[in-house]
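**Student:** Quick one: sequence plus predicted model below, questions after.
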Protein chains: 2
Amino acid sequence: MGIEIERKFLVKDDSWKEHADDGLVCKQGYLASDRDKTVRIRVMGEKAFLTIKGATYGLSRSEYEYEIPVIDAEGMLQFCATAPVEKTRYLIEHVGMTWELDVFMGANAGLIMAEIELDSEDQPFELPAWAGEEVSGDVRFYNSHLAQKPFTRW
Amino acid sequence: MGIEIERKFLVKDDSWKEHADDGLVCKQGYLASDRDKTVRIRVMGEKAFLTIKGATYGLSRSEYEYEIPVIDAEGMLQFCATAPVEKTRYLIEHVGMTWELDVFMGANAGLIMAEIELDSEDQPFELPAWAGEEVSGDVRFYNSHLAQKPFTRW
């Protein structure tokens, strides 16, 4: 098990582009999603993962992740109640930390969000110039919530 | 992915005991359980598994199973909405086939059920003398249902 501690921000301009990698297309669906846990199937580039997360306390969440065959993930995405969330994920190095920046597509087009994983809730980090409003803990921006209530329908 | 095809019977007497192995204690909980899929965490003896099954069509069901560390399974059982289903599972060889016989404990005490996995829905097999009423497809006897509505509360 790992503990996931993350902070999440909206992205306010395009200046991140000059620092980003090539990005990986990512597709994810949820077999379960409630206050107590989520079960996520994710295909990212040529890899796939099954991830189980517990309830969120503050900024922290227990997380179990297993790499699985892509063909399994594609099969299990069919079991999900909603269409998968699709996005391109870019990695951006900034002052010794790696940011994950997601440009959403399809029903969530228009949403761009970046997050950073921390080792502790009070770990200091430097905010990039392109980072806007913080949305950590705002359930509307959980990917599991975006699967049920996509951004274009807010 | 595998396709799980199984038939399931109540057990009407104790004559299975002379043919059974030593049995393994088994504890399982559900992270998701509805008509379209189940996500099961199982600890059986010294091993643990994460199993995702799709909807049942006839006697058949798509199934994906991954072995995981027992410590992960114990952690994820905490995320389940209901107490785990507990049983001892015995294996019994009968006319070239292996039956799995479950003696339930705790909230499902009193229930004894045996199942056989088939390669096709019409595969013939010989019914052991201890096999009683067939309950294949009866949702009340699904382990996921027993987690929510245990046998002693029927």
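**Tutor:** Noted; the coordinates are in hand.
**Student:** Is A:E100 in contact with A:R89, as I believe?
**Tutor:** Yes - here A:E100 reaches A:R89: they are 5.8 Å apart, a contact under Cβ atoms under 8 Å. All C-beta atoms are positioned from the backbone trio N, CA, C, and that covers glycine.
**Student:** Beta-bridge partners for A:W99, please?
**Tutor:** A:I92, A:I116 (DSSP bridges).
**Student:** Model confidence for A:D21, exactly?
**Tutor:** Looking at A:D21, its pLDDT is 97.
**Student:** A:L10 versus the residue lying closest to it once chain neighbours are set aside, what's the distance?
**Tutor:** Nearest non-adjacent residue to A:D21, counting by Cβ to Cβ, 6 or more residues apart in numbering or on different chains: A:L91, 4.8 Å away. Between A:L91 and A:L10 the computed distance is 18 Å (Cβ to Cβ, to the nearest Å).
**Student:** A:V103 now?
**Tutor:** 12 Å.
**Student:** overlap in contacts of those two?
**Tutor:** A:I112 (Cβ atoms under 8 Å, 6 or more residues apart in numbering or on different chains).
**Student:** who's in contact with stretch A:128-136?
**Tutor:** By Cβ under 8 Å, 6+ apart, stretch A:128-136 touches A:6-16, A:59, A:92, A:94, A:99, A:113-114, A:141.
**Student:** Just the ones of those in strands?
**Tutor:** Assigned to strands by DSSP state E, the following of the contacts of stretch A:128-136 qualify: A:6-11, A:92, A:94, A:99, A:113-114.
**Student:** just the residues of chain A that are near chain B, which are they?
**Tutor:** Contact residues (Cβ under 8 Å from any Cβ of the partner chain) of chain A with chain B: A:1, A:31-32, A:36-37, A:39, A:50, A:52, A:54-55, A:62, A:64, A:66, A:68, A:71-72, A:75-76, A:78-79, A:81.
**Student:** Please convert the buried members of the residues you listed into PyMOL selection syntax.
**Tutor:** In PyMOL, a selection of the buried entries from the residues of chain A next to chain B looks like this (16 or more other Cβ atoms under 10 Å in any protein chain shown):
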select buried, chain A and resi 31+32+37+39+50+52+54+62+64+68+72+75+76+79
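**Student:** before we move on, the earlier item: would you mind confirming that the residue nearest to A:D21 makes contact with A:D102?
**Tutor:** No - using Cβ under 8 Å, A:L91 makes no contact with A:D102, being 10.8 Å away.
**Student:** The two: which has the busier surroundings?
**Tutor:** A:D102 (22 against 14; other Cβ atoms under 10 Å in any protein chain shown).
**Student:** how far is stretch A:50-66 from where the chain is centred?
**Tutor:** Averaging C-alpha positions (Cα atoms, centre = their mean, to the nearest Å) puts stretch A:50-66 12 Å from its chain's average.
**Student:** Over to stretch A:42-58?
**Tutor:** Distance, centroid of stretch A:42-58 to centroid of chain: 8 Å (Cα atoms, centre = their mean).
**Student:** Enumerate the positions of that stretch that are buried.
**Tutor:** A:42-44, A:48-54, A:56.
**Student:** who are the neighbours in contact with the closest residue to A:G106 other than its chain neighbours?
**Tutor:** Nearest non-adjacent residue to A:G106, counting by Cβ to Cβ, 6+ apart: A:E86, 4.8 Å away. A:E86 is in contact with A:25-27, A:104-106, A:108, counting by Cβ under 8 Å, 6+ apart.
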